[in-house]
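>>> Need coordinates for the following:
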Amino acid sequence: MSNATKVVIALGGNALMEAGTPPTAEEQLRVVKKTCENLANISCSGFEMAIVHGNGPQVGRLVLQQEIAAAAQPDQLPAIPFDCCGAMTEGYIGYQIQQSLRDALRNKNRNVPVVTIVTQVIVDDGDPAFQNPTKPIGRFYTAKEAKKLAKEKGWTMKEDSGRGWRRVVPSPKPKRIVELDSVKRLWDSTIVVTAGGGGIPVVENMDGSLTGVAAVIDKDLAAERLAEDMETDILLILTEVENVYINFGKPDQKALEHITVSEAIKYMEEGQFGSGSMEPKVMAAIKFARRFPGKKAIITSLAKAIDALEGRAGTVITMA
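Numbers count the residues shown, from 1 in each chain. Reported below is the predicted structural model:
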């Protein structure tokens with residue numbers, strides 16, 4: 001590997017879709033192209049990087065499409081299993097990112113290949129998350145709609161940070177990235193889009209074979225797993241806001257610029273970050289900072305990514 005600063009970048013949902021726009025592949029591609037201009041700027045600034053993206057809304061819609069089609073024509077259009085839906089979204093989102101980022105880099109006269117790896121991530125089939133679904137997928141619903149879906153479809157529905165109600169599925173912890181060796185082989189020459197949507201969750205059987213399971217791994221925790229395994233210098237988690245806040249949305253809200261792991265844990269125990277929104281990002285940042293004292297995790301917005309990497313924006317979390 002070279003001496004360039006190495007970064008794993010976790011893209012938030014706003015990097016793929018904008019609020020209030022149609023949930024179409026065409027609209028998503030438009031947003032992805034804008035996102036990739038920012039990513040290309042990071043690459044042109046001399047950083048080596050791998051990219052992890054989410055897929056919650058996309059996999060939720062795909063599962064719903066499967067259910068509608070199967071109900072209409074069960075013999076001709078049987079529903080595809082949940083893990084395969086995850087793989088499909090990882091493939092098509094990765095395709096849009098690699099195509100758009102290639103074009104953005106080419107327009108800046110930077111010839112760096114971009115490739116997507118459909119990635120499996122091993123989870124523990126005994127993970128307590130399977131008994132307590134928490135990961136939001138799909139679109140937002142009103143409380144009335146959520147109650148109806150819970151009754152009719154047996155879905156687990158939870159309110160998501162004041163934005164509405166969403167279906168939630170199990171979100172087990174990532175243990176090991178199956179295709180990690182391929183990422184390592186490509187790192188020096190290629191920008192790799194990997195562990196999309198947190199990766200396809202699989203369990204390892206006694207004979208070493210793998211079986212997909214119906215769950216969604218949190219993409220920020222998957223990005224942290226990748227950053228640990230690649231021993232990168234920075235874990236960069238991108239979201240809608242420039243900073244992590246305490247008392248968010250209140251008159252006394254405060255942007256956090258640099259906090260230690262112990263301070264982050266204290267705020268988390270106070271319930272400052274919301275279990276379905278900022279908290280997984282802070283948890284991932286804590287895990288990375290603990291693993292590598294002296295290195296840092298950063299949480300910021302896509303627009304402020306370069307500023308944050310250069311120490312001028314975002315929330316930095318370090319061990320001390």
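>>> Could you use CA atoms for every contact and neighbour count after this?
Fine.
>>> quick one: contacts for the most centrally placed residue in the chain?
The residue lying closest to the centre of the chain (C-alpha atoms, centre = their mean) is residue 219, at 3.0 Å. Residues near residue 219 by C-alpha atoms under 8 Å, 6 or more residues apart in numbering: 10, 52-54, 195-199.
>>> now, among those residues, which is nearest to residue 269?
If you rank the contacts of residue 219 by distance to residue 269 using C-alpha to C-alpha, residue 10 comes first, at 23.8 Å.
>>> gap between the residue nearest to the centre of the chain and residue 299?
Here residue 219 is placed at a distance of 14 Å from residue 299 (C-alpha to C-alpha, to the nearest Å).
>>> doesn't residue 166 make contact with residue 158?
Yes. Under the criterion of C-alpha atoms under 8 Å, residue 158 makes contact with residue 166 at 5.7 Å.
>>> Hmm, residue 201 and residue 213 touching each other?
Yes. Contact status for residue 213 versus residue 201: in contact at 5.9 Å, counting by C-alpha under 8 Å.
>>> mind listing the helices in the stretch 201-320 of the chain by residue range?
Secondary structure of the stretch 201-320 of the chain (DSSP state H, counting those that start in this stretch): helices at 219-230, 261-269, 279-291, 305-309.
>>> repeat for the stretch 1-150 of the chain
25-44, 56-72, 82-107, 143-153.
>>> Highest mean neighbour count out of the ones you listed?
Of all the helices of the stretch 1-150 of the chain, helix 82-107 has the most neighbours on average by mean count of other C-alpha atoms under 10 Å, namely a mean of 21.
>>> most tightly surrounded among the helices of the stretch 201-320 of the chain?
Highest mean neighbour count among the helices of the stretch 201-320 of the chain (mean count of other C-alpha under 10 Å): helix 219-230, with a mean of 24.
>>> rewinding a little: relative to residue 288, which of the contacts of residue 219 is nearest.
Comparing those against residue 288 with C-alpha to C-alpha picks out residue 10 as the nearest, at 13.1 Å.
>>> Quick check: beta-bridge partners of that closest one?
residue 52, residue 237 (DSSP bridges).
>>> Give me the below-cutoff pLDDT ranges for this protein.
Applying pLDDT under 70 to the chain flags residues 1-2, 275-276.
>>> what about 50?
Of all residues in the chain, none has pLDDT under 50.
>>> just to revisit the earlier point, more neighbours: which of residue 158 and residue 166?
Set residue 158 next to residue 166 and count neighbours by other C-alpha atoms under 10 Å: residue 166 wins out with 26 against 20.
>>> list the helices and strands the helix or strand hosting that one packs on?
Per DSSP states H and E, residue 166 falls inside strand 165-169. Applying 3 or more C-alpha pairs under 8 Å, 6 or more residues apart in numbering; DSSP states H and E, one finds that strand 165-169 contacts strand 135-141, helix 143-153, strand 156-159.
>>> Same list (the ones you listed) but as a markdown table, adding distance to residue 96.
Formatted as a markdown table, the helices and strands packed on strand 165-169 follow (distance: least, C-alpha to C-alpha, whole Å):
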| stretch | distance to residue 96 |
| --- | --- |
| strand 135-141 | 19 |
| helix 143-153 | 31 |
| strand 156-159 | 30 |
